[in-house]
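>>> A predicted structure for the sequence below; I have some questions about it.
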Amino acid sequence: MESKIEGTSIRLLDELYEIEKKCFKEEAFPKQQIAHLLEDYNSVSLIARVNSEIAGFIIAQINVERKLSFGHILTIDVLPIHQRKGIAKQLLKEIEKILKEKGALECRLEVREDNAAASSLYQKLGYQKIAKLEHYYGDAHGLYLKKFLQEKASDDSVCSTSC
């Protein structure tokens, strides 16, 4: 079973919201927030299709902080029947590639501290724990993770081969 990664749009809002609710239950983003993110100029969103059905999706934003452009993954959802099949990994790798092409130097995300499967995936993909987020998910704690996508350009790297 192979999944296909492609861009998405507001037209798929109802399906994406249903997936969000199945994945995150009471912690799911409201439908209006997903709609806003899908239409936001600074957002990047992708879906994974398995046999033409949507198996999961990811939404990230590009932000700038102290002249540093970074991607922030806001949600990554894979339907329970499609989990542990590499779909989340495919979505992450593809969105990281897009964020890097758009100039992001790093990618950030939050994960529940007790979500061992997701934490393991993020660690395997090079994400590092930056901070613990007390009560980030109601009574549950979160972890703030970061991964460098590319090195910050220094003045020395601008030099051509004739330097």
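The structure has been received and is ready for your questions. Nothing here was measured: the structure is a model prediction, and the numbers come from that model.

>>> all helices in this protein, in order from the N-terminus.
For the chain, applying DSSP state H gives helices covering 13-24, 31-39, 87-101, 116-124.

>>> For residue 57, find the nearest of the ones you listed.
Closest of those to residue 57 is helix 13-24, at 5.4 Å (criterion: Cβ to Cβ). Where C-beta positions appear, they are placed from N, C-alpha and C, glycine not excepted.

>>> Now do the closest one, average pLDDT.
Mean pLDDT, computed over helix 13-24, is 96.

>>> List the buried residues of that helix.
By 16 or more other Cβ atoms under 10 Å, the buried positions in helix 13-24 come out as 13, 16-17, 19-20, 23.

>>> Next: stretch 109-128.
For stretch 109-128, burial by neighbour count (16+ other Cβ under 10 Å) applies to 109-113, 118-119, 121-122, 127.

>>> do the same with stretch 137-146
For stretch 137-146, burial by neighbour count (16+ other Cβ under 10 Å) applies to 137, 142-146.
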